[in-house]
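Q: model this:
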Amino acid sequence: MKKYLFFTVIMIFSASAAFGNITPIGGPVEGNSWSQRFAESGVGLFDLVAVRMTSAGDTFESATHVNFSVLGWATIYENDPLIPTLATAAGPAITYLEWDINFAGAKSDPLVFDFVAFNGTTLLESAIASWSGSSWTFTTGCWNPTRADVIPAPGAVLLGSLGVGLVGWLRRRRAL
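A: Model prediction:
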């Protein structure tokens, strides 16, 4: 009887962990690059998702996270709009979200990215998403960032923006 109870408990926990992963919805959509619709659920309330490209040479398209199913969700950070390998989206705390992730390159090229979901400063989920060129597989992730790791400090963004603006202003001034 104890073996049966233990086995049942293990199966329940295994099944509930499977529902906590990011999952693809439908097939990939080709455009100038390509995109995939995903859903996140099963982790309880979350208010932030982040992706980090880990396969060498691969990137996300600029405007990485788009077409959110819940109002108030938006991309809040992309580490480099020209070659984004980290992108974060946030919104009101919810238990279910659908959105598209845009990938650079050809749909037939394999890639791997890390995915995390947060509620406040609590990391709820870490997963590895692998695209073979024709299908997705998901495994438990080992990327354990803090919320601060996936969202830049407001001062850093302001300082960076001021620096870029200053360089542009100096170049225009010298061109005159």
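
Q: which residues in the protein form helices?
A: 2-19, 147-150, 154-175 (DSSP state H).

Q: run a quick neighbour tally on the closest residue to Pro110 other than its chain neighbours.
A: Nearest in space to Pro110, with sequence neighbours left out and distances taken as Cβ to Cβ, 6 or more residues apart in numbering, is Gly133 at 4.9 Å. Yep, even glycine has a C-beta here, placed from its N, CA and C like the rest. Using other Cβ atoms under 10 Å, Gly133 is surrounded by 10 other residues.

Q: in the strand ranked longest in the chain, which residues are buried?
A: Secondary structure of the chain per DSSP state E: the longest strand is strand 34-53. Buried residues in strand 34-53, counted by 16 or more other Cβ atoms under 10 Å: 34-38, 40-43, 46-53.

Q: what about stretch 118-129, average pLDDT?
A: The average of the pLDDT scores along stretch 118-129 is 96.

Q: related to what we said a few turns ago, so which elements touch the longest strand of the chain?
A: Judged by 3 or more Cβ pairs under 8 Å, 6 or more residues apart in numbering; DSSP states H and E, strand 34-53 is in contact with helix 2-19, strand 23-30, strand 60-66, strand 86-103, strand 111-119, strand 122-131, helix 147-150.

Q: that one pairs with which strands?
A: strand 23-30 (antiparallel), strand 86-103 (antiparallel), strand 111-119 (antiparallel) (DSSP bridges).

Q: so which of those comes closest to Pro152?
A: strand 86-103 (9.1 Å; Cβ to Cβ).
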